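Peer 1: structure, please.
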Amino acid sequence: MRFGAAVLRSYGDPFTIEEVTLTDGPAEGEILVRIAGCGMCRTDLAVRRSAGRSPLPAVLGHEGSGVVVETGGAGTGMDTGDHVVLSFDSCGHCQSCRAAAPAYCDSFASLNLFGGRTEHAARLTDTTGAALAPRWFGQSSFAEYAVVPARNAVRVDPSLPLHLLGPLGCGFLTGAGAVLNSFGAGPGDTLAVFGAGAVGLAAVMAAHAAGAVTVAVDRHPGRLALAERLGALPLPVAPAGLPDRIRRLTGGGVMYALDTTGSAGLINDALRSLRPTGHLGLVARLRAALPLEAGTLDRGRRISHICEGDAVPGLLVPRLISLWRAGRFPFDQLIRTYPLADINKAEHDCDTGRVVKPVLIPDPTRR
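Peer 2: Residues are numbered from 1 along each chain as shown. So this is what the prediction gives:
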């Protein structure tokens with residue numbers, strides 16, 4: 001079958017909208033999904049800085065949602081017409097996957113980032129017949145259609161606004177999962193979130209829903225105002241003395257901190273803002289050595305990396321949808337939609353901070 005997709009052909013060039021060909025339908029354990037919407041995540045854009053490790057040309061996109069139009073057999077557990085949210089890829093059989101920790105799959109980096117799923121690798125081609133890179137995050141959902149492993153799809157209620165749900169499979173899942181799963185935050189707990197982007201604001205919403213007192217740290221007044229509307233105490237990065245200001249706001253420091261920035265300075269500030277035995281979670285990929293200042297890890301404080309919010313998507317996505325329905329996780333307020341044809345404008349707006357979460361709509365007439 002042939003359909004439209006956004007193709008990234010080189011690390012420095014814009015996306016191009018092209019006709020691509022799917023040479024085979026879904027194999028056993030897979031489903032073919034007509035994409036209703038796909039969030040743009042900064043991990044998609046980080047391909048440009050991957051030093052050639054993420055293969056191109058490729059169709060990116062890994063926050064897809066859509067309708068199942070074909071299944072690879074009864075073993076998928078899916079039916080034609082099911083509405084689904086798509087999440088990250090995992091092997092399903094390593095020790096982490098068997099322990100219900102798919103975000104720590106032994107093959108996570110290979111499968112999701114570096115084209116490591118070799119079966120049916122060349123079945124997506126361009127108009128010349130040249131193969132496009134294997135599925136990005138098991139999806140490649142900057143397109144009208146995507147073939148995905150059924151185990152990566154979460155069935156959702158068809159009455160929901162399907163085109164908006166894709167970011168629940170990664171960006172919003174990561175921030176909310178860090179709070180609800182990794183920290184297990186609850187009423188009366190204290191949390192500082194460093195960086196009020198999509199992941200950070202998802203953490204703010206989840207913390208507010210859980211009853212935690214939350215401080216949001218950012219350098220952009222608009223993002224701080226948005227965090228405040230979502231239930232956080234806003235705190236600008238400047239002036240100096242950030243840990244002291246956090247301690248004053250929270251009566252002695254926070255039990256949990258989440259850094260979404262990857263900034264060494266802010267990570268050290270986050271550690272200094274923790275109470276004894278506090279936990280700092282990192283979600284951003286560090287691109288340089290992380291020097292920790294003396295004394296930041298004393299008194300039982302700890303630091304860990306959190307991948308995909310420690311989530312099992314089939315459990316957390318329905319939980320977030322339930323919170324949204326109850327008015328306690330208003331993720332739709334962070335979204336701006338764009339036609340897929342406007343993907344380069346969406347990337348510009350995301351890069352410049354004009355929008356928190358762009359969602360690309362392959363066919364706006366289907367909404």
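Peer 1: check contacts around the spatially most central residue of the chain.
Peer 2: In the chain, the residue lying closest to the centroid (CA atoms, centre = their mean) is Gly171, at 2.2 Å. Residues near Gly171 by CB atoms under 8 Å, 6 or more residues apart in numbering: 39, 41, 63, 198-199, 202, 357. In short, each C-beta sits where N, CA and C put it, glycine included.
Peer 1: pull the CA atoms of stretch 354-367 into PDB?
Peer 2: Extracted in PDB, the C-alpha atoms of stretch 354-367 (Å, rounded to 0.1, in the frame of the first residue of the first chain):
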ATOM      1  CA  ARG A 354       6.300  28.500  21.200                       C
ATOM      2  CA  VAL A 355       4.400  25.300  21.800                       C
ATOM      3  CA  VAL A 356       4.700  22.700  24.600                       C
ATOM      4  CA  LYS A 357       3.500  19.600  22.600                       C
ATOM      5  CA  PRO A 358       2.900  19.700  18.900                       C
ATOM      6  CA  VAL A 359       0.600  17.000  17.600                       C
ATOM      7  CA  LEU A 360       0.700  16.200  13.800                       C
ATOM      8  CA  ILE A 361      -2.600  15.200  12.100                       C
ATOM      9  CA  PRO A 362      -2.000  13.200   8.900                       C
ATOM     10  CA  ASP A 363      -5.600  13.700   7.600                       C
ATOM     11  CA  PRO A 364      -7.400  16.500   9.400                       C
ATOM     12  CA  THR A 365     -10.700  15.600   7.600                       C
ATOM     13  CA  ARG A 366     -10.900  12.400   9.700                       C
ATOM     14  CA  ARG A 367     -11.100  14.300  13.000                       C
END
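Peer 1: how far off centre is it?
Peer 2: Centre-to-centre, stretch 354-367 and its host chain are 16 Å apart (CA atoms, centre = their mean, to the nearest Å).
Peer 1: before we move on, what about stretch 275-286?
Peer 2: How far stretch 275-286 lies from its chain's middle: 18 Å, per CA atoms, centre = their mean.
Peer 1: in that stretch, what's buried?
Peer 2: Using 16 or more other CB atoms under 10 Å as the test for burial, stretch 275-286 gives 275, 278-284.
Peer 1: got the domain boundaries for this protein?
Peer 2: The chain breaks down into these domains under automatic domain parsing: 2-169+330-366, 183-307.
Peer 1: just the helices in the stretch 1-150 of the chain please.
Peer 2: Secondary structure of the stretch 1-150 of the chain by DSSP state H, counting those that start in this stretch: the helices cover 42-45, 95-98, 108-113.
Peer 1: re earlier: of the contacts of Gly171, which is the most crowded?
Peer 2: Glu63 (33 neighbours; other CB atoms under 10 Å).
Peer 1: correct me, but that one touches Ser140?
Peer 2: No: at 11.8 Å, Glu63 does not count as touching Ser140 under the criterion of CB atoms under 8 Å.
Peer 1: which intervals of the chain have sub-threshold pLDDT?
Peer 2: Across the chain, the ranges flagged by pLDDT under 70 are 115-121, 366-367.
Peer 1: so what's the residue count around Gly300?
Peer 2: Gly300: 11 neighbours (other CB under 10 Å).
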